[in-house]
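Q: Quick one: sequence and predicted model below, then my questions.
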Amino acid sequence: MNNKQFLWGASTSAFQAEGAYLEDGKGLATVDIRNVPAGIADTKIASDHYHHWEEDIQAMKELGLNVYRLSFSWSRIMPDGWHVNEKGLAFYEKIIDRCLEYGIEPLPTLYHFEMPQALVDQHNGWLGRGTIDAYVKYAQICFERFQGRIRRWVTINEQLIAGAAPDLHGLHCSDAEQALKNMYQIYANMSIAEKKAMIELKKIDPQAQIGPVCAIQIVYPDSSDPEDVKAAMDAEEMMMYSLLDMSVSGRYPLKYTSYLKEYGLYPEISEEDRKTLKAVRPDFIGINYYFPLAVRHPQPGYDYSKLPPFWRCPLFEVVENPHLEKSEWMPNGMDPEGLYLGIRKIYDRYHLPMIITENGMAYSDLVEEGKIHDPYRIAYLDAHIEKIRQARLEGYPVFGYCPWSLFDLVSSHQGFAKRYGLIYVDRTDTDPKQCRRIPKDSYYWYQKRIKRGLEND
């Protein structure tokens, strides 16, 4: 594979970037009404991309990108979940056309952690069949509008996280057992909606490709104890392969199925749904990777209560990995080898092309005399790019790399204290200022790295 075939990009998401809260007809999104702690930035202004989009795309051009992984705000395009807001579509049309003018391929995600709050109010969100229908209609609208201009689409970003976080999907439940049942039903309904959208794309724009984006969970056993090895295998199946197996093959893996049935968590899936789930396969898989996990077999008295729901499983216990370098915002450690292993595992199981859609390092960056020196981010990105290079040289079909993120975004829970961007957004959690853009050292490093190419070192 030569460098011209490799896509160098960067990623953002609508709710973390755009701001313009309720502007130009946008509806309320689930993420707009989260209980954000006092003193932490919310989605109302975010990085103000809605008013800086021309400047931001110009920065992409100067960076040398040839792909931009963005997301559409469902609530901007269809404020009530059903009817089109033309101004919302027109906003994304401007972005897509400008990207194409600059030789940058737009890679849009239909569902990235936000949906119209109206669908939660009307259809109980992803627990209701009405939301599946609304998602398919939304996908159809986007496919028809951008037919011939979008080469690749992403269905759902990080289904594992999207279906587990009430602050994102909008469904809060005080009963822990019921909340767990809801999570697995949400996963199933998302999978059905995703497959229906894939079917529609093949009707509307057969030349376009479509695939999911998975937050891959690379899991190491805490020891060579066979019970720990089994726990690591179970953890990967529960958190990574379960949803990807459904995305690719239309079925859950056997261990996952057995576990859900044993604990009374198996979702309702009709025979018609099963036919839909098996009717189409994705064209590629997007990979989001930040850090791996380490687990052991559960110990007596292990407290699951404070863990994310998808880690709250009696088949494994998450433990600290003492072999990895850690930082304030990366407490689980940093491990480029995990990305390489993930590429191998995903390809060996699914035999589909892959693009890295997110990979980045969070840090509380400081401005020093008008500049941002972030050697830690450069080291992180460089090490992960080297692992992609290694995988490609070995023949694994990784066709692109999009670090998270192009510019600083409002974090889901930590506001602007936690920054991932190649470009600094000059604002604080309490003072948005003008959201001035300042390229970091990592921006200029990435610019040179792109010019060097991947295989020509």
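A: In hand now; what should we look at? Computed from a prediction, not measured in an experiment: that's the story for all the values here. Residues are numbered from 1 along each chain as shown.
Q: Surely Ala41 touches Val410?
A: Yes: the pair Ala41 / Val410 is scored as a contact, 5.0 Å apart, by CB atoms under 8 Å. Using the backbone N, CA and C atoms, a C-beta is placed for each residue, glycine as well.
Q: Can you work out which residues contact both of those two?
A: Listed as contacting both Ala41 and Val410 by CB atoms under 8 Å, 6 or more residues apart in numbering are Phe416.
Q: Distance-wise, check Ala417 relative to Asp408.
A: According to CB to CB, to the nearest Å, Ala417 stands 10 Å off from Asp408.
Q: And the two? Which one has more around it.
A: Higher neighbour count among Ala417 and Asp408: Asp408, with 27 against 17, using other CB atoms under 10 Å.
Q: how about the more buried one, what does it touch?
A: Asp408 makes contact with Ser47, Asp365, Phe416, Arg419, Tyr420, Gly421, Ile423, Tyr424, Val425, according to CB under 8 Å, 6+ apart.
Q: Please produce JSON lines containing these, extended by neighbour count and secondary structure.
A: Below are those laid out as JSON lines (neighbours: other CB atoms under 10 Å; DSSP: H, G, I helix; E, B strand; the rest coil):
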{"residue": "Ser47", "neighbour count": "28", "secondary structure": "coil"}
{"residue": "Asp365", "neighbour count": "23", "secondary structure": "coil"}
{"residue": "Phe416", "neighbour count": "23", "secondary structure": "coil"}
{"residue": "Arg419", "neighbour count": "26", "secondary structure": "strand"}
{"residue": "Tyr420", "neighbour count": "25", "secondary structure": "coil"}
{"residue": "Gly421", "neighbour count": "29", "secondary structure": "coil"}
{"residue": "Ile423", "neighbour count": "22", "secondary structure": "strand"}
{"residue": "Tyr424", "neighbour count": "22", "secondary structure": "strand"}
{"residue": "Val425", "neighbour count": "24", "secondary structure": "strand"}
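Q: and the closest residue to Leu7 other than its chain neighbours, how many residues sit next to it?
A: Distances taken as CB to CB, 6 or more residues apart in numbering place Gly400 nearest to Leu7, at 3.1 Å, with adjacent residues excluded. Gly400 has 23 neighbours, counted by other CB under 10 Å.
Q: strands paired with the helix or strand harbouring Gly400, and their directions?
A: Assigned by DSSP states H and E, Gly400 belongs to strand 398-401. Strands adjacent to strand 398-401 in the sheet, as given by DSSP bridges, are strand 7-11 (parallel), strand 354-358 (parallel).
Q: between the ones you listed, which gets nearest to Asp133?
A: Nearest to Asp133 among the strands paired with strand 398-401 is strand 354-358 (26.8 Å), distances taken as CB to CB.
Q: pLDDT below threshold where in the protein?
A: 1-4, 456-457 (pLDDT under 70).
Q: longest helix anywhere in it?
A: helix 176-204 (DSSP state H).
Q: Only the buried residues of that helix, if you could.
A: In terms of neighbour count (16 or more other CB atoms under 10 Å), helix 176-204 has its buried residues at 179-202.
Q: Let me know how buried the residue lying closest to Glu86 once chain neighbours are set aside is, in neighbour terms.
A: Counting by CB to CB, 6+ apart, Glu86 lies nearest to Gly25, which is 8.0 Å off, once chain neighbours are set aside. Neighbourhood size, Gly25 [other CB under 10 Å]: 14.
Q: The one 4 residues further on too?
A: Other residues within reach of Ala29, judged by other CB under 10 Å, total 27.
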